[in-house]
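Trainee: coordinates only, sequence not included:
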């Protein structure tokens, strides 16, 4: 029978998250160790070869981020991230725990796992962030949250205080869990902590006197800190962090939440079985103890699972849906419906999700999907699905969640665009321009008329020597913007080949006369912009034959450009091929 979204949705959401926790989440951008190592420089590979084992320090921290378990073993999200880095880089890190900042600073360790920039004691060199948490306020239930100025703040020893906290109203504790214990017992009134740790300890310890409230006091980013200057190790770590995507981090969080085992305390037993205890206590205390023990043992597994669902619900923020294949009906959770401003947007999203789900053939299938959401934007989401309610005809129902990856996708596209552009001129860099032109040459049909232009400045070295390199850079930058204004109609490929040499590839050009007019216009525009600097351009032009390579057309254009220089510079020369005599020459237009 399909799961329905009840008025109190925490049970359905918790169940879904627990089931999804055991589903293998395939990272979008995961790469193998071999692929990662191939992306490193020779110096970085040599560093790994010479330093296969490094030393890492860590504090006891706070679960589930980083902590020492009852077996004195380091556990937590940050350790798993470090393990992923070990797999990618083949480096090995020996973890050493300590709570002394002085011991960490004076140690021979290579890195510290992990630190937020706002807690950086001596401005250590940090990697790029790999994890983000938000702050949550916790307080004793008897405290009025509107009047905290004169209340006692629970802080961890060695941690900096929020700006709004009065330093004279602070009580220090040895760990985050102890701050919660202190507020629970009334030794302090309130405190702040990351949402993961607070949710973990509240669910684990079953506090009765603590309330939690989301707050925007602080967003913390966590990085690895280098305890000594090491540019190669910093670069290797940053490249490894780049390969860890959102889904991988999410899976780690869910796995750590799954480790939670709630403490079985006398208070918990009394709360769960108070009526039974009162009844049985009138008969015999020994029988009561035995009965409670047997019941607690029989239900321990169910209690642990329930608390796992609770913590997963608290630290997760996804949009849930359910699809009934028999009725061809999809139901969205309230959180999912809040994505949309109009009924039309919501129905469009439902149709797209159903269409994608109908193409799903495997039991566990994830896919990317886009649809319009609020504020006239297009949202990109990762859909993670689970089929259930199986019968002879197949699966009747699918439950799933949508994870918003819009920002991740946009950032990746921006990074790709930046990597393809020449930073000074704003046109394509040499390698990208060559690749795009090669791709066009392969697709070019016999009837297509294409042309390739090679251009550079006349006596550019004199400009640098006379007016300085800043002036030279300004000229190159303005040439890039002028190229885009003169030639850019949507299909041209413009790139900086190197130094002061640029190229333009025009598919299906109108005429050679039009191309020469554009070249002339470009030279005049650039010259008029810099009144105090004598600037002229020379051009070499060649038409494209069938089945040619970039090297062949570049060589012809270069011959024409050379002839332009020999003819007195500031010339436009078209390369012409006399096939009958098999003589190649460049003649002035």
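Mentor: Sure thing, it's come through. Just so it is clear, the model here is predicted, and its values are computed rather than measured.
Trainee: residue 425 falls within a helix, correct?
Mentor: No - under DSSP: H, G, I helix; E, B strand; the rest coil, residue 425 sits outside any helix and is assigned coil.
Trainee: now do the same for it: its pLDDT.
Mentor: Looking at residue 425, its pLDDT is 89.
Trainee: residues in contact with it?
Mentor: Going by C-beta atoms under 8 Å, 6 or more residues apart in numbering, residue 425 touches 476, 477, 479, 480, 483, 496, 502. In this view, the C-beta of every residue, glycine as well, is placed from N, C-alpha and C.
Trainee: now it: closest residue in space, sequence neighbours ignored.
Mentor: Leaving aside its chain neighbours, residue 425 sits nearest to residue 480 (3.0 Å; criterion: C-beta to C-beta, 6 or more residues apart in numbering).
Trainee: list the helices and strands the helix or strand where that neighbour lies packs on?
Mentor: Under the criterion of DSSP states H and E, residue 480 resides in helix 469-487. Under the contact definition 3 or more C-beta pairs under 8 Å, 6 or more residues apart in numbering; DSSP states H and E, helix 469-487 sits against helix 460-467, strand 493-498, strand 501-506, helix 512-529.
Trainee: deepest of these, which one?
Mentor: For the helices and strands packed on helix 469-487, the largest average neighbour count (mean count of other C-beta atoms under 10 Å) is found in strand 501-506, namely a mean of 23.
Trainee: which helices and strands sit right next to it?
Mentor: Helices and strands touching strand 501-506, by 3+ C-beta pairs under 8 Å, 6+ apart, are helix 430-443, strand 451-457, helix 469-487, strand 493-498.
Trainee: for these, which one sits closest to residue 538?
Mentor: When the helices and strands packed on strand 501-506 are compared by C-beta to C-beta, strand 451-457 sits nearest residue 538, at 6.4 Å.
Trainee: for the record, mean pLDDT for the closest one?
Mentor: Average pLDDT, strand 451-457: 95.
Trainee: give the other helices and strands that that strand contacts.
Mentor: Using 3+ C-beta pairs under 8 Å, 6+ apart: strand 451-457 touches strand 501-506, helix 512-529, strand 537-543, helix 550-566.
Trainee: just checking, what packs against the longest one?
Mentor: Same thing as helix 512-529. strand 451-457, helix 469-487, strand 537-543, strand 572-578.
Trainee: for the longest one, buried residues please.
Mentor: Buried positions in helix 469-487, judged by neighbour count with 16 or more other C-beta atoms under 10 Å: 472, 474, 475, 476, 478, 479, 480, 482, 483, 486, 487.
Trainee: same question for the last one.
Mentor: The neighbour-count criterion (16+ other C-beta under 10 Å) identifies 572, 573, 574, 575 as the buried residues of strand 572-578.
Trainee: quick check: residue 433 vs residue 510, distance?
Mentor: Separation of residue 433 from residue 510 (C-beta to C-beta, to the nearest Å) stands at 22 Å.
Trainee: more neighbours, the two?
Mentor: Per other C-beta atoms under 10 Å, whichever of residue 433 and residue 510 has more neighbours is residue 433, with 23 against 12.
Trainee: surely the more buried one meets residue 494?
Mentor: Yes - using C-beta atoms under 8 Å, residue 433 makes contact with residue 494 at a distance of 7.3 Å.
Trainee: quickly list what's touching both of those two.
Mentor: 427, 503, 505.
Trainee: on that earlier part again, possible to save the helices and strands packed on strand 451-457 as JSON lines with mean pLDDT and distance to residue 222?
Mentor: Shown next, in JSON lines, are those (pLDDT from 0 to 100; distance: least, C-beta to C-beta, whole Å):
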{"stretch": "strand 501-506", "mean pLDDT": "95", "distance to residue 222": "44"}
{"stretch": "helix 512-529", "mean pLDDT": "91", "distance to residue 222": "48"}
{"stretch": "strand 537-543", "mean pLDDT": "95", "distance to residue 222": "52"}
{"stretch": "helix 550-566", "mean pLDDT": "95", "distance to residue 222": "46"}
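Trainee: could these go into a markdown table alongside distance to residue 212?
Mentor: Converted to a markdown table, the helices and strands packed on strand 451-457 look like this (distance: least, C-beta to C-beta, whole Å):
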| stretch | distance to residue 212 |
| --- | --- |
| strand 501-506 | 60 |
| helix 512-529 | 61 |
| strand 537-543 | 67 |
| helix 550-566 | 62 |
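Trainee: nearest to residue 144, of the ones you listed?
Mentor: Across the helices and strands packed on strand 451-457, closest to residue 144 is helix 512-529 (C-beta to C-beta), at 66.8 Å.
Trainee: what does that closest one contact?
Mentor: Here helix 512-529 has contacts from 451, 453, 455, 475, 478-479, 482-483, 485-487, 506, 509, 534-537, 539, 541, 543, 570, 572, 574, 589, using C-beta under 8 Å, 6+ apart.
Trainee: swap in stretch 85-102?
Mentor: Under the criterion C-beta under 8 Å, 6+ apart, residues 31, 33, 36-37, 48, 51-60, 68, 74, 79, 82, 104, 107, 109-111, 113, 121, 158, 174, 236-237, 240-241, 243-244 lie in contact with stretch 85-102.
Trainee: which parts of that stretch are buried?
Mentor: For stretch 85-102, using 16+ other C-beta under 10 Å, the buried residues are 85, 88, 89, 91, 93, 96, 97.
Trainee: averaged pLDDT, it. What do you get?
Mentor: 88.
Trainee: now swap in stretch 429-437 and tell me
Mentor: According to the model, stretch 429-437 has a mean pLDDT of 94.
Trainee: neighbouring contacts of that stretch?
Mentor: Applying C-beta under 8 Å, 6+ apart, the contact partners of stretch 429-437 are 420-422, 427-428, 452, 493-498, 503, 505, 550, 553.
Trainee: what's the closest of those residues to residue 353?
Mentor: residue 420 (33.4 Å).
Trainee: quick check: that closest one touching residue 428?
Mentor: Yes - Residue 420 is in contact with residue 428 according to C-beta under 8 Å; the separation is 6.0 Å.
Trainee: who has more neighbours out of the two?
Mentor: residue 428 (22 against 16).
Trainee: and the more buried one, what is it in contact with?
Mentor: Listed by C-beta under 8 Å, 6+ apart, the contact partners of residue 428 are 420, 421, 422, 436, 493, 494, 495, 496.
Trainee: just give the nearest non-adjacent residue to the fifth one, would you?
Mentor: In this case it means residue 493. Using C-beta to C-beta, 6+ apart, the nearest residue to residue 493 is residue 505, at 4.1 Å.
Trainee: who is the one you found paired with across the strands?
Mentor: residue 452, residue 493 (DSSP bridges).
Trainee: measure it to residue 495 for me?
Mentor: For residue 505 relative to residue 495 (C-beta to C-beta), the value is 8 Å.
Trainee: picking that back up, out of the buried residues of stretch 85-102, which sit inside strands?
Mentor: 93, 96, 97 (DSSP state E).
Trainee: nearest to residue 354 among the residues you listed?
Mentor: residue 93 (46.7 Å).
Trainee: can you pull the contacts of the spatially closest residue to that closest one that is not a sequence neighbour?
Mentor: Of all residues not flanking residue 93 in the chain, residue 56 sits nearest, at 4.2 Å (C-beta to C-beta, 6+ apart). When contacts are counted by C-beta under 8 Å, 6+ apart, residue 56 touches 82, 93, 94, 95, 96, 109, 110, 111, 112, 113.
Trainee: what's the closest non-adjacent residue to the last one?
Mentor: Setting aside the residues directly before and after it, residue 113 is nearest to residue 58 in space (C-beta to C-beta, 6+ apart), at 4.3 Å.
Trainee: one step back: identify the residues contacting the helix holding residue 480?
Mentor: 422, 424-427, 457, 460, 463-464, 494, 496, 500, 502, 504, 506, 518, 521-522, 525-526, 529-530, 533, 535.
Trainee: got the angle for it vs strand 537-543?
Mentor: 40 degrees (axes from the mean of the first three to the mean of the last three C-alpha atoms, to 10 degrees).
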